[in-house]
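*Asks:* Sequence plus predicted model, see below.
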Amino acid sequence: MKQPEELLQQYFGHRSFREGQRKAVDAILSGKDLMAVMPTGAGKSVCYQISAMLLPGMTVVISPLISLMKDQVEALWQVGIPAAYVNSSIPGGQYMEIMNQARQGAYKILYVAPERLMTESFLRLAACVQISMVAVDEAHCVSQWGQDFRQSYLDIPVFVEQLSHRPVCAAFTATATRQVEQDIVKMLRLRFPEMLKTGFDRKNLFFGIRRPKDKMEELLTVLRDNPSKSGIVYCSTRKNVEEVCHALCAKGYAATRYHAGLSDQERAQNQEEFLYDRKPIMVATNAFGMGIDKSNVSFVVHYNMPKDLESYYQEAGRAGRDGEPAQCILLYSGRDVRTSQFLLERSCEEMENEDETLRQSLLEKSRERLRQMTFYATSTSCLRHRILQYFGERSPESCGNCSCCQANYKEEDMTLSAQKIISCVYRGQKAGYHLSSHMTSNILIGSKNATLLRMGLDRLSTYGLMQEETRRSVGEMIDRLIEEGNLGVRSFKDYQELTLTPGSAAILRGEKRVTRRVLEKQEKSAAVKSKADSVDPTMTPADHALFQKLRQLRTKLAEKEGVPPYFIFSDATLRDMCRKKPVMMRDIRQVSGVGTIKAQRYGKQFLQAVVQHLEELGD
């Protein structure tokens, strides 16, 4: 039997596994269940794909999205692995043909939507073929404490128990807190699984928070900093998607859109335009992206703040999947928090078949995740450290590759301001008011807000006590107090009410000092630079010229075959080709990402392009 490394080289053109991949493969091949938490871009799919080729019979991969199945199956055929998928997009006649082919052993990997598992036709197939492994992708969907709970995922353990022989069960997810991780093991009924966590850190990603007065102008700045690159712009609502996409197109950018309000046909067409790089900028809601394996996404901009860090890290992680430097930029404003609060309240109201106790429990959990997301968006300390800490992972206090680490901050005493804020909350409570962070900020700056005046809040003794501050700065100080436990938050009707804590009393009595970090000086001309901005030091100007030629060749071949360009070779593979400059077939196999099938299919054309480039240089 071949070794896993041999198949990795043969099919995917890599000589060695990434961190954690070989351990995952070994666990599966030894017959152990697996619970793997690996960040986006770490190569989760390779773990079960290589294992499937070494196991007898067929592997069933349970996947939540049609786009993920389609892309992965097409990519597998590109490298010579027989695979198929079944979901609601497959017509009846084609579905039956796939079932017949599967019975005859035509596929090593069969992707299936969770809703299909318990259908009569699929259960008949499962009863007459050897299923050696059930791999669960996006396994966090089984947990009600996760951000993408999907009811049909609860059918997975029922399906497994109906099989005549229990296969190996392997669960994979990119984002899971410890609670969600434990929930996955319990809900999928994994048996003494190998617990694998490779770490959440994606060192090639630059994380940045910007608080612009004009988000559209800031977005245009990001696009100008990333000319001719592919990226995703996430918006919280369909309306925002439409407005942003229209504005970008009006400015001459090749952008398209994706949200649940579009027809299936338009969503599929727009997704294809993005994948094929005909329109390299995608403006979308969170309905887009899960399972999109586009390797050359160079930036992800969140035009609005997501509702939790799990969603943010998963979406931001769609940048730099090829390992190349990439940017993850969040454009934050206080209004984003209120929009997220509204959306999560509404989503909880729309939950069906849930008792009120569970509904409230899920709502409170969602509110806490939103608070943690807000702390991240308003942070003045290392953003990477905050993300990793949230997922229970230790990391250095500073990474040097985020906007907070590269900014020039100084410590400032905010004890007096904290006393004013806490006094405002106290005075409001004494007067019978339930004050939110937003309303407290308005009171302190002396706002003439109509609601505030109608409620008589301008009669509080703390009204206008911080009129020299902006609403934003007061809001940031309130967030700081909440994060450190010096103010509390509890649900009241449809918003979050500020409450006092023991820390509040200590600050009022002068027993506790509070500080915050503020920008010492911000030069408009000195933009924060990420590693993605720098020129690759391993490539010469001539190498960059060759890279553009190889990209053009890749685009031509992709159009001819009707596949996305990255299906042929990733940008990372083309860059390695530029460095190594293969001129013979045995040389091209040494390029990272060039396997046996792809070398046979495309090697000659790319070798000719390299040779022609060298001849033009007189080399």
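*Replies:* Looks like it arrived, so ask away. Numbers count the residues shown, from 1 in each chain.

*Asks:* Doesn't Lys32 lie inside a strand?
*Replies:* No. Counting by DSSP: H, G, I helix; E, B strand; the rest coil, Lys32 is located in no strand; its state is coil.

*Asks:* Surely it is in contact with Pro193?
*Replies:* Yes. Between Lys32 and Pro193 a contact is recorded at 6.8 Å, counting by C-beta atoms under 8 Å. Using the backbone N, CA and C atoms, a C-beta is placed for each residue, glycine as well.

*Asks:* who touches the closest residue to Trp77 other than its chain neighbours in this structure?
*Replies:* Of all residues not flanking Trp77 in the chain, Ala83 sits nearest, at 6.7 Å (C-beta to C-beta, 6 or more residues apart in numbering). Neighbour list for Ala83: Gln72, Val73, Leu76, Trp77, Tyr107, Lys108, Ile109, Leu110, Tyr111 [criterion: C-beta atoms under 8 Å, 6 or more residues apart in numbering].

*Asks:* residues near Lys215, how many?
*Replies:* 20 (other C-beta atoms under 10 Å).

*Asks:* Gln269 versus the nearest residue to it once chain neighbours are set aside, what's the distance?
*Replies:* In space, Lys215 comes closest to Leu331 once its chain neighbours are excluded; the distance is 4.9 Å by C-beta to C-beta, 6+ apart. For Leu331, the distance to Gln269 (C-beta to C-beta, to the nearest Å) stands at 28 Å.

*Asks:* Who has more neighbours out of these two?
*Replies:* Taking other C-beta under 10 Å, Leu331 and Gln269 do not tie; Leu331 has more neighbours (23 against 12).

*Asks:* circling back: out of the contacts of Ala83, which is most surrounded?
*Replies:* Leu110 (27 neighbours).

*Asks:* Report the beta-bridge partner residues of that residue.
*Replies:* Leu110 forms beta bridges with Val60, Ala84, as assigned by DSSP bridges.

*Asks:* does Thr596 really touch Tyr11, like I thought?
*Replies:* Yes. In this structure, Thr596 is within contact of Tyr11 by C-beta under 8 Å, at 7.4 Å.

*Asks:* what do those two both touch?
*Replies:* By C-beta under 8 Å, 6+ apart, the residues touching both Thr596 and Tyr11 are Gly80.

*Asks:* So between Lys32 and Pro193, which is more surrounded?
*Replies:* Pro193 (19 against 16).

*Asks:* Got the confidence number for the residue lying closest to the more buried one once chain neighbours are set aside?
*Replies:* Spatial nearest neighbour of Pro193, chain neighbours left out: Asp33 (3.9 Å); criterion: C-beta to C-beta, 6+ apart. Asp33 carries a pLDDT score of 97 in this model.

*Asks:* And Asp33, how close does it get to Leu453?
*Replies:* In terms of C-beta to C-beta, Asp33 sits 62 Å off from Leu453.

*Asks:* quick one: which of those two has more around it?
*Replies:* The residue with more neighbours, out of Asp33 and Leu453, is Asp33; 23 against 12, by other C-beta under 10 Å.

*Asks:* That one touches Arg189, doesn't it?
*Replies:* No. With contacts defined as C-beta under 8 Å, Asp33 does not count as touching Arg189, sitting 9.1 Å away.

*Asks:* number of nearby residues for Gln327?
*Replies:* 24.

*Asks:* and if you look at Phe375?
*Replies:* Neighbours around Phe375, by other C-beta under 10 Å: 17.
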